[in-house]
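S.K.: below is the sequence, then the predicted model.
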2 protein chains.
Amino acid sequence: MHHVEPIEWKPEGVVILDQLRLPGEVVYHTYTDYRHVARAIKDMIIRGAPAIGVAAAMGAALGAQHSKAETLDELRAEFAVITDTLAKTRPTAVDLFWAIKRFRRRFDELAHDAAPSSDPAAEIANIKAALIAEALLVHEERRAADRAIGKFGAELMPHTGRVMTQCNAGALATGGIGTALGVIRMAVDSGRTIEVLVPETRPYLQGARLTAWELHQDGIPLTLITDNMVGHFLRTGGVGAVVVGADRIAANGDTANKIGTYGISVLARENNVPFYVAAPISTLDLSLATGDAIPIEERSSHEVTHIAGVHIAPDVHAAHPAFDVTPNRYITAIITERGVAKPPYTETLRALAPSHH
Amino acid sequence: MHHVEPIEWKPEGVVILDQLRLPGEVVYHTYTDYRHVARAIKDMIIRGAPAIGVAAAMGAALGAQHSKAETLDELRAEFAVITDTLAKTRPTAVDLFWAIKRFRRRFDELAHDAAPSSDPAAEIANIKAALIAEALLVHEERRAADRAIGKFGAELMPHTGRVMTQCNAGALATGGIGTALGVIRMAVDSGRTIEVLVPETRPYLQGARLTAWELHQDGIPLTLITDNMVGHFLRTGGVGAVVVGADRIAANGDTANKIGTYGISVLARENNVPFYVAAPISTLDLSLATGDAIPIEERSSHEVTHIAGVHIAPDVHAAHPAFDVTPNRYITAIITERGVAKPPYTETLRALAPSHH
């Protein structure tokens, strides 16, 4: 199963595919400064909760790698700035904070384990190497998680018919085969005959630009629709399932995902179409009891009033919440790499979560 | 209450504002050939069910006016071609067929009433003048209907707060003050403090380009949103009512309107927000028992894969149903110029319909 790589760690730096320029141009940037990785996350050159987690991990490793610190204390102070900078890029996707927390913990372990040494340079080199290894491990874990999610989720897909998704929860969003698109890919690989309904997902058009592109490259049949066609197709279009990704899942299963997901979930339930969330366990935020506490990123209104650089509206006020929250009652099941959670989510999600979560 | 005129009958021809070029450019076309009026309807240079009715009426009058027919029989044959051409432009908006039916009936009356005369030229001139008068009457009736709809509907609007609409059911869509926007305008005029939530309405962006423009010109506060933000704002945005127009209303109240309307109606009901349809009685099609029989126009997929001339998606299949059907159970009330219909619509709409309908 070949698919595009949104991010890779290479000897020359962190290589990120510019998702703002797809599908027109396939452009890779090589970053050697962690601040540029942070900027790439903020500007959505890389996006999708799991891929943001990978980018934050690689950004943290990259920042440490290029540090000029000569003592452990200097490196510790610098690493705090690096991880703070990466944390201030986007507020909703919890994978970002999960990756940063993991890297801070890993740094503390490494610093703590470092034997008091007469060679601080060697000590620092060891820590840098270990942080790079950790970033590669995060990336590999994402890939493995996608495959496991895909395997569990494929069983829930219709044997034949249409499946709707939202935004892009594909390879471009995770660094693996994708979460929602991983489920669809594994279902197709296992012989199911699926056509994907792809809402374009304004304002960034991740559906039209990214999901349509990924599926088209894989030869999976698709129909592109505008976001306001979702209801019409759920009512009359023979849709057998909806599967979407997630940016943050609260302890009770309430799920923040790309703006529009809540609407799809309500319209799916109204038309008796099962609605699945596919996401790695790292997307689970057990510190939040419900979705009401999930911070929703408000982005620039310029992104609403302009499309592809063209001003499409008069000079008026525009809102741009980048995410919405789908209450748990609209979610048929949550597909993770550790298994499929069904209601009541407060119990089933906690049972799937790792003990150190 | 000043507002833009989408269409006007002038001595030099039918003047139509090019709605495809708004809001960037305000361009008027003057048509002297009814076939160009038909083309303007088909290409959506003029759109909105009531305005399409006015355009069809003026197109029919224009075609007759410029006829070279020398006998009544010649004119009758030519008028049949004219009205056929106008009828083949767009399938969903019933106002088009209502106007054409009305003009055919009016022609028959005029031809029947014409005294056998030794002066067929005078007879033909009389018929032409009467058809022009009929077109002006249709236009004036639209204006009066909008004012009456606005008056009835204003009472249903919140005294303060947000109102959501869809697409453009404004002056540009009717030739009057608008249906849905007429309701909002009259509510604001009567002292209510309303902010309008305007979904952009892909693929043609009538919300962003037309509704935002009309409201901005009137100084009515608005917030532009993408179509996939509808659910989020109905759930969390303090919306007191939704009011939309209609392209065709079946005998049971099922309503065809711009794609996305069905989704809004479901999300409104789910969040206990009243959902109103505002439309003239000419939009009512008592010949159809339910909305299942309403023909839904499928437009070019090019309109989905391109925005403002920019190709936004890879070369994939795209669907473009231009309308959807909202089942009557999601509609709180239907506001017409003859009064407000509430469920059960099969009874209440029939009671409002003119006896000759």
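M.R.: Ah, there it is.

S.K.: from here on, contacts and neighbour counts on C-alpha atoms
M.R.: OK.

S.K.: beta partners for the residue nearest to A:Val198 when sequence neighbours are not counted?
M.R.: Once flanking residues are discounted, A:Val198 sits nearest to A:Leu224: 4.8 Å by C-alpha to C-alpha, 6 or more residues apart in numbering or on different chains. The partner list for A:Leu224 in beta bridges (DSSP bridges) reads A:Val198, B:Ala318.

S.K.: A:Leu224 against B:His320, yeah?
M.R.: No - judged on C-alpha atoms under 8 Å, A:Leu224 makes no contact with B:His320 at a distance of 9.0 Å.

S.K.: the more surrounded of these two?
M.R.: A:Leu224 (25 against 20; other C-alpha atoms under 10 Å in any protein chain shown).

S.K.: what touches both of A:Leu224 and B:His320?
M.R.: Contact with both A:Leu224 and B:His320 is made by residues B:Val304, according to C-alpha atoms under 8 Å, 6 or more residues apart in numbering or on different chains.

S.K.: who touches stretch A:326-343?
M.R.: Contacts of stretch A:326-343 (C-alpha under 8 Å, 6+ apart): A:145-149, A:152-153, A:252-257, A:261-262, A:265-266, A:269, A:274-281, A:291, A:345, A:348-349, A:352.

S.K.: what is the neighbour count of A:Val27?
M.R.: By the criterion of other C-alpha under 10 Å, A:Val27 has 13 neighbours.

S.K.: now do the same contact list for it.
M.R.: A:17-18, A:21.

S.K.: repeat the analysis, applying 7 Å as the threshold.
M.R.: A:17-18 (C-alpha atoms under 7 Å, 6 or more residues apart in numbering or on different chains).

S.K.: how far away is it from A:Asp33?
M.R.: As judged by C-alpha to C-alpha, to the nearest Å, A:Val27 and A:Asp33 stand 18 Å apart.

S.K.: how about A:Leu75?
M.R.: A:Leu75 sits 16 Å away from A:Asp33, taking C-alpha to C-alpha as the criterion.

S.K.: same deal with A:Ile220?
M.R.: 37 Å.

S.K.: repeat for A:Tyr345
M.R.: 41 Å.

S.K.: get me the contact residues on the stretch 1-150 of chain A for chain B.
M.R.: Within the stretch 1-150 of chain A, the positions near chain B by C-alpha under 7 Å from any C-alpha of the partner chain are A:Pro23.

S.K.: which residues in the stretch 1-150 of chain A form helices?
M.R.: Residue ranges of the helices in the stretch 1-150 of chain A, as given by DSSP state H, counting those that start in this stretch, are A:34-42, A:49-65, A:72-87, A:94-113, A:120-154.

S.K.: other residues contacting the helix or strand where A:Glu195 lies?
M.R.: A:Glu195 is part of strand A:193-199, with elements assigned from DSSP states H and E. Here strand A:193-199 makes contact (C-alpha under 7 Å, 6+ apart) with A:159-167, A:188, A:207, A:212, A:220-227.

S.K.: what's the following helix or strand after that strand?
M.R.: That would be, after strand A:193-199 and using DSSP H and E, helix A:206.

S.K.: show me the helices in the stretch 251-357 of chain A, by range?
M.R.: Going by DSSP H, counting those that start in this stretch, the stretch 251-357 of chain A shows helices at A:261-270, A:302-305, A:345-352.
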